[in-house]
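**Student:** Can you look at this prediction? I've put the sequence above it.
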Amino acid sequence: MERTLDDCQYSSDYNQQQSQDVAMNSAVRLELMGLPDTDENELRRLRGQLRRSLLELDVADVRLARSSGDVPSGAKSGQLIAAGTLVVTAAPFVLRQVFQLVDTWLKNRPVRGIKVELGGRTIELSDASIAERERLIDAFLASHEPADADETDIDQMQTLTS
């Protein structure tokens, strides 16, 4: 099939739009924190369940996260996949849905909690009450909104995480 100049221009416009869409999205790192007796296979199974649930939302992508630790000597791969960790890429307006799904998913699962990292800041969703987790999530997300975010929410988040 022959490509015309118009096809190339369309492809270039499409690629430029895709790049802009990715730039407007946020990446959220989700790390499952297993119970003391949880092994890597169990974490992988739970990660798969959470990944499938997240893909039902209007997210751009859900990928397996790379381990931040050192690669063991003799390993063939340059990077290891972290057993219980995902990276979710989503538009800012979808982040609340991601947090709500994660919070709901966490119930009745054999994990201690989920560590959530967004924009260099981290919170842990674990054994706090439902109301406390909701306040924590609201304050955490408010701190990632544009500069007009309510200062009260940011102060509240710092109090909850201290």
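**Tutor:** Here it is on my side, so go on.
**Student:** Could you identify the helix or strand that succeeds the host helix or strand of Leu64?
**Tutor:** Using DSSP states H and E, Leu64 maps to strand 61-66. Next in sequence after strand 61-66, counting helices and strands by DSSP H and E, comes strand 81-90.
**Student:** what's the angle between that following strand and strand 61-66?
**Tutor:** 150 degrees (axes from the mean of the first three to the mean of the last three CA atoms, to 10 degrees).
**Student:** mind listing what's buried in strand 81-90?
**Tutor:** 82-90 (16 or more other CB atoms under 10 Å). For glycine as for every other residue, the C-beta is placed from the backbone atoms N, C-alpha and C.
**Student:** got the CA positions of the next helix or strand after that strand in CSV?
**Tutor:** Toward the C-terminus, strand 81-90 is succeeded by helix 95-106 as the next helix or strand (DSSP H and E). Provided in CSV are the C-alpha atoms of helix 95-106 (Å, rounded to 0.1, in the frame of the first residue of the first chain):
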residue,chain,number,x,y,z
LEU,A,95,-7.8,9.9,39.4
ARG,A,96,-10.6,10.1,42.0
GLN,A,97,-12.2,7.0,40.3
VAL,A,98,-8.9,5.2,40.5
PHE,A,99,-8.5,6.0,44.2
GLN,A,100,-12.1,5.0,44.9
LEU,A,101,-11.7,1.7,43.1
VAL,A,102,-8.5,0.9,44.9
ASP,A,103,-10.0,1.7,48.3
THR,A,104,-13.1,-0.5,47.5
TRP,A,105,-10.9,-3.3,46.0
LEU,A,106,-8.7,-3.3,49.2
